[in-house]
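Asks: Quick one, structure for this:
(2 chains)
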Amino acid sequence: MNPAGRAFLKGCEYTPAHEQPSEDFPLLYTTGRTVYQFHTRTKTGRSRALNAAAPDAWVETNPGDADRYGIAEGDLVRVESPSGSIEVTARIGQVMAGAVLAPFHYGPWDPDTLAPPGPERGPSRQANELTMTVWDPVSKQPYFKTAACRIIRLRAGDRPSAAPTTAASAPAPGQPAVPGTRGGAATTSDIIDTPDYPNDPAQRTDDPAPTATLTAEVS
Amino acid sequence: MPHLTTYITLADRSEQTLAASFRAVAAGHVAQPDIYHMCHTLAQISDAHVRQLAPVAQRYADHHDDDDLQEPERLHAAGVAQVRDGQIGLLRDLQDLHLLATLVQSTWTVLAQGAQGLRDKELLTVATTANAGTSRQLCWLTTRMKAAAPQALIIAP
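Replies: Numbers count the residues shown, from 1 in each chain, chains lettered A, B, ... in the order given. Okay, here's the model as predicted:
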C-alpha cells in the first residue's frame, strides 16, 4: 500500500442517497454556495462589497414547488429534515423541481450582529442543521449534499430575500422583478508595515533558523 | 447432491438472518446516524443476494425431497434480535454482525467450489458476486469497529 505520491482511486457502484423523499419529507435538500462568499464568511464577510451582495441566508425553491406550498419571494419559511431545521427567507429561483437549495455560508459567525449562543439567538440559519452526521466510510467525505426535507411557509416577508440576483441564485424567469445586486464603489486598501515579530523566521537575519539546529540534533 | 442443496439453503437463511440483524442494529442505534443509514444500505446487499439465489435454489429444490432441504441445526446461526446499549454495546453488536457475515461469506466460498465441480455457471456467478458483496459488508464492519473501539474500550463507563 505505497501510493508513491499518487492518490488511491476506489470505484464503487451507484447506491441511492441515504434519505429519499417520502410522504413526510417530500423534497430533496441540498446545500451550495454563492460566488460572493467563501465557506463560513470569516474573510468574505469582512469585505463590505462582498457581504452586501449576499448578506444573509436564504433557501431557493422552484416556481412550481413555491406555488404548491404557497410561498412567494421573500417569505419566511421553515425547512425541516429528520435531522434539524432552519428558518430563512425564500428565493423563487432556478433549482430543479422537487429540490430546495440552501447556501451553507451562514451560521453563528457574525461577530457584530448575533446574540451569544443560547435561546435568545433564535432559529438557526445554518444549512447543515438539516444534513446527517454521516461520513463516507472509505473516503470520510461528509454526507452534506443530500437530505429529504419539507418546506413550510411561516409568514410573508417585507422585502425580497437576501439572495444575490446574479449567478446561480437569480430569480426564475417570469417571476416579479427583484432589486438587482449591484457592486459598490471601488474599494481601496492601505498596505501597512509588517509589525516586528521576534519569532518570525522571515525577519531573522543574525543566525540560522532554529529548525535547522533541531534537525541536526535529532539526526 | 443433497449436501449442496443444504448449503444453498444455509446461504439463503443466513443472508436473511444477516439482513434482519443489520436492520435490528440500525433500529437499536438510531442515535448514531451513520450506523442507522449504513446498516440499512448493507441489509439491502443481503436482500439482493437472496433474490439472486432464488432461481438457483428453486432449480435444486425441484430435484429433492423436502427432507433434503433441512438445514442441520449445528450450522444455523442466531441473528441479532436484541441490541445492546451504549458504546461497548454497539461494538459488541457490530462484532455479532461480523460473525454472521463471516458465516455467510464462508458459505458462498464453499458453494462456489461446489458450483465449479458441477460446472453450474449460474450458481458460480451468484456465489462469486455475493462473496464480493459480503466482503463489502465485512470491510465496513471492520472499519466501524475500529472507529468505535478506542472510545468504547478506554473511555466508556
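Asks: Find the residue at the geometric middle of chain A.
Replies: The C-alpha lying nearest the average C-alpha coordinate of chain A belongs to A:Phe104 (C-alpha atoms, centre = their mean; 1.8 Å).
Asks: Do I have it right that it meets A:Leu130?
Replies: No. With the criterion set as C-beta atoms under 8 Å, A:Phe104 and A:Leu130 do not qualify as a contacting pair; they are 10.3 Å apart. For every residue, glycine as well, the C-beta is placed using N, CA and C.
Asks: Just give the number of residues close to the residue lying closest to A:His39 once chain neighbours are set aside.
Replies: Nearest residue to A:His39, sequence neighbours excluded (C-beta to C-beta, 6 or more residues apart in numbering or on different chains): A:His105, at 6.8 Å. Neighbour count of A:His105, defined by other C-beta atoms under 10 Å in any protein chain shown: 25.
Asks: Flag every residue of chain A that's near chain B.
Replies: By the rule C-beta under 8 Å from any C-beta of the partner chain, the part of chain A lying against chain B is A:15, A:18-19, A:83, A:132-135, A:137-138.
Asks: which of those are the two that sit furthest away from each other?
Replies: Taking C-beta to C-beta as the measure, those span a maximum distance of 22.4 Å, between A:Ser83 and A:Val138.
Asks: So for the two, which residue has more residues nearby?
Replies: Summary of the neighbour comparison: A:Ser83 and A:Val138, criterion other C-beta under 10 Å, with A:Ser83 having more neighbours (18 against 12).
Asks: what's the pLDDT at that one?
Replies: Here the pLDDT value assigned to A:Ser83 is 92.
Asks: got it, and A:Thr211?
Replies: pLDDT at A:Thr211 comes out at 54.
Asks: for A:Ala216, same thing?
Replies: For A:Ala216, the model assigns a pLDDT of 47.
Asks: For B:Thr109, which residues are in contact?
Replies: Contacts of B:Thr109 were listed using C-beta atoms under 8 Å, 6 or more residues apart in numbering or on different chains, and they are B:127, B:131.
Asks: Phi and psi next, for it.
Replies: According to degrees, to the nearest 10, the main-chain angles of B:Thr109 amount to phi -60, psi -50.
Asks: can you check A:Val59 too?
Replies: Taking degrees, to the nearest 10 as the convention, A:Val59 sits at phi -130, psi 140.
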